[in-house]
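Colleague: build me a model:
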Amino acid sequence: MKFSIDWLNYHGILVNSLKAVDFLSSLMQEPFRSVPLIWTIHEQTLAVRLRQYVSSGQTELVENWRKLFHRATVIVFPNYILAVAYSACDPGNYLVIPGSPAEAWKAYNLMDPFKNTMLPNINYVPDVIKVAVVGSQLLYKGLWLDHALVLKGLYPVLESFGLSSSRFKIFILAGESTSNYSRAVEAIARNLKYPNGTVNHVAVDEEDALLSTADVVIYGSFNDEHSFPDILLKAMFLGKPVVGPDIPMIAKYVRDNVNGFLFPKEDIAALTEIMVQLLYDAKLSPIGRNAASTAKRTARNLMVSESVEGYASLLENILMPPSEVAVSHSAKEIPTELKSEWKWRHFRAITDARSPNESGRIHESLDKVEKQFTRSHKDNSLDLITMNDPFSYEIWEGQKCEDIATMSKRREDEELKDRTIQHRGTWDDVYRNARRVDRTLHERDEGELLRTGQPLTIYEPYFGEGTWPFLHSTSLYRGIGLSTKGRRPEADDIDGPARLPLLNDAYYRDVLEEYGAFFAIANRIDRIHKNAWIGFQSWRATARMKSLSQISERSVLDAIEARKHGDALYFWARLDKDSRYLPGQDFWSFCDSINAGNCHLAFSEALEKMYGVKHNATSLPHMPSDEGTWSIMHCWVLPTRSFLEFVMFSRMFVDALDAQFYDSHYGTGHCYLSLSKDKHCYSRLLELLVNVWAYNSARRMVYVDPYTGLMQEQHKLNSRRGKMWVKWFQFATLKSMDEDLAEEFDSEHPSRRWLWPSTGEIFWQGTYVKEKNTRNKEKERKKQKSRDKIQRMRRRSRQKPLGVYVKPREEEESNTTDLLQARDL
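Modeller: The predicted structure is shown next:
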């Protein structure tokens, strides 16, 4: 199930059911992994499955569920019983917040459907007294002993009914229907001399029916509880008198003889006395009816304050609201009227919207997720969070050796295949294959060919698979991935870290955000961008329905081709329509509101470091808001030449910001532009930087309506005269500053930590001279090497002949004799 939702719009996500498990795949993808997720689980459905997986040895499914649970910041359970039930896949983020109204609401829904419900083993008689003995949902070794003590205390009550099993029934709720606990109940009843049929065992899956038909509910577990038992809460809501031991958690909410009855767990005789009072004259006494009525009113709002304060404290510690949001009060300061009772009318609206087959929907969701678990890692769309398992170097070395052997075998097979005689087909086949290979090598991507013939390319920076649904696939747009791992397959996207290694550092990738893409594209831009104009659009603009429509795209292209506004900045996401904007704010007050009130300080200190401007109230450029609006969200278009000039300014400005914030922010995660820990720190300040540069460098600023394509110039040049910092933002000044930095780096090689050299190219006049000298030295070195070789050849000493070969005399005489003999013949 795919969800095209920008989860970064939310500062936290609350999930309240297992049915939502199938949408978690989108939250497990970047950039949404950092969004706080609070997942409250009320259902037992998955716990039952986990027990089956553990018993059948299906550890992989349990491990996959554990990884899925690890995505949640906190998993909340309404009681400790559920937390224990899910212990098989506990990743260490479980939290129990008691007081959920879920059980009480279930009881409310049970009141009508089960009004006349009878259990299968009850012969319904109007005056039959039915006593339900319930207890802890956790089966423990001493449970049978607790039930035996309760049955011993109830035996005198049975005697008051004349030992008639037809008028007095006891039902023990414990265990599954397939368990052997029913035999234990029968043995206990037989030893206590109960008549046959008086004491019956009921499985836990019949809990609702039992509570609906019971006249009295006794809590028959004497162990201390960590939270108030849900089954007692349900019984109280159903208007049943409850009796329980005086253990601390029960005595905290049940007041003796008011909304229930308590007995010392060491004194079973006290239980007998209570039951005699409740069942006066073989019927429920007025004392019992009054206690049941009071209990019903109490149960409607039991533990409301604990639940409200628990969730408020949890949100207070997990959520990190932005600086423009007012600081919330602590959980203890919540007014009493807000935590004294539940708003039941809202629960009714939620219940009415639910489908009747809720259990079936939960099973369908779980089945769908488990099918995704079984997929291969290659096709798996769930990018599960990897747990911190111990790394095994032996396995890694073994896999490495296996890969090397496989590669060697493949290479050997290919060589052998080339050496064998193969049927090449006819000459036409060979020619056709060769032409096909030639086209493959020389033809470019279709998108690249289309972009070559257009004046503009708009780049869409993105990080992670979660952003893919918001990216465009037409030739006008091209994606640039800020991480190599999360790029779109089979898409002509740019690998940002390959062009700018700084993006491999997660710290700077988070802090720079879209500016990392700006720097990556500007770094040797002629290799990837050959259009006269360049633009950028945030994927979040598409998520917020603020991206350019086809009409607006055509309008921008027509304006560019007609040179309607000259060297201009076209933008289509405006500040005064942003959700963070408050009416009446000007540029700098808006910047302060989204940066914890410290935008002025950060901007002025950065400019002071860049230009040497003294830090005072007038050290900020004039940015009027009464003459138009401003650009936000990095959605704009510029001439490529102007874009390079903007990047030149931005690199120096970002370097000045990094000098301010790196030491404190990198170590602690805190910076004074945010009220809490914030990995993005000054990225919100950079979001507005293009406005400062465009306004003060005398560029026209034109707003394009993203729906209609209508254009309106903002902050016209005539109204800016005398207000702009032109001398500080003109190209000559910026180029001089850029060359000074490049010369410092190239000649002095400073050892201090310095961000500027890592954000792009380093060029100054000395660089060209240095490269020319290097080429000349290389050429001279080669010439000298050639001359040395010639000299060595000339000076090479040649070996003189060792002498003339002289034939031996005996051989000469024998040869002469042979010649004379031959002549005589």
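Colleague: for residue 669, give me phi and psi.
Modeller: The phi/psi pair for residue 669 (degrees, to the nearest 10) reads phi 80, psi 0.
Colleague: and the gap between the spatially closest residue to it that is not a sequence neighbour and residue 548?
Modeller: Excluding the flanking residues, the one nearest residue 669 by Cβ to Cβ, 6 or more residues apart in numbering is residue 677, at 4.0 Å. C-beta coordinates here come from the backbone N, C-alpha and C atoms, glycine included. Counting by Cβ to Cβ, to the nearest Å, the gap from residue 677 to residue 548 is 35 Å.
Colleague: could you do residue 589 as well?
Modeller: Distance of residue 589 to residue 548, given as Cβ to Cβ: 29 Å.
Colleague: please identify which of the two sits among more neighbours.
Modeller: Shown here are residue 589 and residue 548; by other Cβ atoms under 10 Å, residue 548 has more neighbours (28 against 14).
Colleague: just checking, that one touches residue 706?
Modeller: Yes: counting by Cβ atoms under 8 Å, residue 706 is a contact partner of residue 548 at 5.3 Å.
Colleague: mutual contacts of the two, please.
Modeller: Common neighbours of residue 548 and residue 706 (criterion: Cβ atoms under 8 Å, 6 or more residues apart in numbering): residue 572.
Colleague: on that earlier part again, for residue 510, see how far away the residue nearest to residue 669 is.
Modeller: Distance from residue 677 to residue 510, counting by Cβ to Cβ: 12 Å.
Colleague: compare those two (neighbour count), which wins?
Modeller: More crowded of residue 677 and residue 510, by other Cβ under 10 Å: residue 510, with 18 against 12.
Colleague: need the contact list for that one.
Modeller: By Cβ under 8 Å, 6+ apart, residue 510 lies in contact with 679-680, 683.
Colleague: where does the prediction get shaky in the stretch 651-800 of the chain?
Modeller: Judged by pLDDT under 70, the stretch 651-800 of the chain has its weakly predicted residues at 767, 797-800.
Colleague: if we can go back for a sec, highest neighbour count among the contacts of residue 510?
Modeller: Neighbour counts for the contacts of residue 510, by other Cβ under 10 Å, peak at residue 683, which reaches 18 neighbours.
Colleague: pretty sure that one contacts residue 509?
Modeller: No: the criterion here is Cβ under 8 Å, and residue 683 misses it with residue 509 at 10.5 Å.
Colleague: may I have the phi/psi pair for residue 244?
Modeller: Note on residue 244: its backbone torsions stand at phi -150, psi 160 [degrees, to the nearest 10].
Colleague: returning to that earlier point: touching, the residue nearest to residue 669 and residue 318? I think so.
Modeller: No: here residue 677 lies out of contact with residue 318, judged by Cβ under 8 Å, at a distance of 11.8 Å.
Colleague: which helix or which strand is home to residue 684?
Modeller: According to DSSP states H and E, residue 684 maps onto helix 683-686.
Colleague: ok now the helix or strand that that helix is followed by, how far from the chain's centre?
Modeller: As assigned by DSSP H and E, the chain's next helix or strand after helix 683-686 is helix 689-696. Here helix 689-696 is found 33 Å from its chain centre; the criterion is Cα atoms, centre = their mean, to the nearest Å.
Colleague: same thing with stretch 519-533?
Modeller: 31 Å.
Colleague: quick one: mean pLDDT over it.
Modeller: Mean per-residue pLDDT for stretch 519-533: 92.
Colleague: please enumerate residues in contact with that stretch?
Modeller: Outside stretch 519-533, the residues that reach it (Cβ under 8 Å, 6+ apart) are 451-452, 454-457, 459, 480, 494, 496-497, 499-500, 502-503, 512, 534, 560, 637-640, 643-644, 647, 650-651, 759-761.
Colleague: give the buried residues for it.
Modeller: Across stretch 519-533, burial judged by 16 or more other Cβ atoms under 10 Å covers 519-523, 525, 528-529, 531, 533.
Colleague: what is the nearest of those to residue 775?
Modeller: When the buried residues of stretch 519-533 are compared for distance to residue 775 (Cβ to Cβ), residue 523 wins out at 22.8 Å.
Colleague: what does stretch 42-52 contact?
Modeller: Residues outside stretch 42-52 that contact it (Cβ under 8 Å, 6+ apart): 16-18, 58, 62, 65, 78, 82, 85-86, 88-89, 100, 102, 359, 362-363, 366.
Colleague: same thing but 6 Å
Modeller: 18, 85-86, 88, 102, 362 (Cβ atoms under 6 Å, 6 or more residues apart in numbering).
Colleague: min pLDDT across the residues you listed, which one?
Modeller: Here the lowest pLDDT out of the contacts of stretch 42-52 sits on residue 102, with 75.
Colleague: ok, that residue - contacts?
Modeller: The contact partners of residue 102, by Cβ under 6 Å, 6+ apart, come to residue 42.
Colleague: among the contacts of stretch 42-52, which pair sits farthest apart?
Modeller: 88 and 102 (22.3 Å).
Colleague: excluding its backbone neighbours, what's nearest residue 250?
Modeller: residue 244 (4.7 Å).
Colleague: ignore the last one, residue 684
Modeller: With sequence-adjacent residues excluded and distances taken as Cβ to Cβ, 6+ apart, residue 684 is closest to residue 594, at 5.0 Å.
Colleague: nothing else from me, thank you.
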